[in-house]
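Enquirer: Provided below are the primary sequence and the corresponding predicted coordinates.
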Amino acid sequence: MPIRAVLWDIDDTLFDYTGADTAGLAQHLAEEGLGDRYGTPAEALALWRELTERNWARFAAGETGFQEQRRDRVRDFLRQPDLTEAEADAWFDRYVAHYQAAWKVFPDVLPALDALAAGYRHGVLTNSSSANQDPKLRRLGLRDRFEVLVCAAELGISKPQAGAFRAACAAMGLEAGEVAYVGDQPEIDARGARDAGLLAVWLDRDGGRGAGPEGVHRIGGLAQLPGVLAGDTRFGARSGIR
């Protein structure tokens, strides 16, 4: 079954989320007078990321709401459990302003999308909300590149669950076997897509993350993606394929 469409992850795949988060958080902490509280900027970011993952997991499991997980993240980070909703929202909004100021797409994104535009349809599947990701894609000038934007918050299930990948395929009117998924996370993105029956492409930009799952295509940059899609040797493909 030929590949007819590509579904994309957003953060750290199309958009340099780590770079923006690093720069935005450092600037925010400096302006809040917290620049030295968490040690180095790398240590502050590591804590922020840990709390982000922990609270997002609660949201993904249906234990809390989208805005609530943001508030809890701020309370945990500041070690101030009694922060009001308004105070936590205001702190997060100030952080977001710095984070957004650092937004940029990776330099290989637009060339790859241009190269694939004539041969493949495109959509997005993300473990976030449309309220968060739709404005991001528009600000980055990418939204019109994608037919669909499927988000876990509205869908009710998230990657790596097979149902999330299949729902995104269904939104494009395609079977899983007709769709490739491109993401930066070896387990959530690549293994999840593989197990759901999609052609799984793991975008490992830094190349230092171990062997990865079997049966997925591992690429170091998006310039390699057209060749993977054209070859489509999904069965028996090894994670080391480049």
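Expert: That came through, no problem.
Enquirer: So what sits opposite residue 180 in the bridge?
Expert: On DSSP bridges, the residues paired with residue 180 through beta bridges are residue 6, residue 199.
Enquirer: Let me know the pLDDT of it.
Expert: Looking at residue 180, its pLDDT reads 98.
Enquirer: Kindly report the same for residue 42.
Expert: 86.
Enquirer: Tally up the residues packed near residue 56, please.
Expert: Using other Cβ atoms under 10 Å, residue 56 has 19 other residues around it. C-betas here are computed from N, CA, C, even on glycine.
Enquirer: Wait, it touches residue 69, no?
Expert: Yes. Contact criterion Cβ atoms under 8 Å: residue 56 and residue 69 qualify, at 6.1 Å.
Enquirer: domain parsing for this structure?
Expert: Annotated domains of the chain cover 5-16+105-231, 17-101 [automatic domain parsing].
Enquirer: Pick the most deeply packed of these.
Expert: Across the domains of the chain, averaging neighbours per residue (mean count of other Cβ atoms under 10 Å) puts domain 5-16+105-231 on top, at a mean of 19.
Enquirer: now residue 70: how far from residue 169?
Expert: Distance of residue 70 to residue 169, given as Cβ to Cβ, to the nearest Å: 30 Å.
Enquirer: Please list all residues in contact with the residue of the chain positioned farthest from its centre.
Expert: Using Cα atoms, centre = their mean, the residue of the chain lying farthest from its centre is residue 82. It sits 30.7 Å away. For residue 82, the contacting residues are residue 75, by Cβ atoms under 8 Å, 6 or more residues apart in numbering.
Enquirer: Now do the strands in this protein.
Expert: With DSSP state E applied, the chain shows strands at 5-8, 121-126, 148-151, 179-183, 199-203, 217-219, listed in chain order.
Enquirer: Please convert those strands to a markdown table, extending it with distance to residue 44.
Expert: Listed next are these as a markdown table, based on distance: least, Cβ to Cβ, whole Å:
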| stretch | distance to residue 44 |
| --- | --- |
| strand 5-8 | 29 |
| strand 121-126 | 25 |
| strand 148-151 | 28 |
| strand 179-183 | 26 |
| strand 199-203 | 26 |
| strand 217-219 | 31 |
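Enquirer: which one of these lies closest to residue 41?
Expert: With Cβ to Cβ as the criterion, residue 41 lies closest to strand 199-203 of the strands of the chain, at 25.2 Å.
Enquirer: okay, and for this protein, where does confidence drop off?
Expert: Scanning the chain for pLDDT under 70 picks out 209, 232-242.
Enquirer: Swap in 80 and give it another go.
Expert: For the chain, the stretches with pLDDT under 80 are 60, 208-210, 232-242.
Enquirer: Break down the protein into its helices, ranges please.
Expert: 17-31, 41-60, 66-78, 85-101, 109-116, 130-139, 152-155, 162-171, 192-195, 225-231 (DSSP state H).
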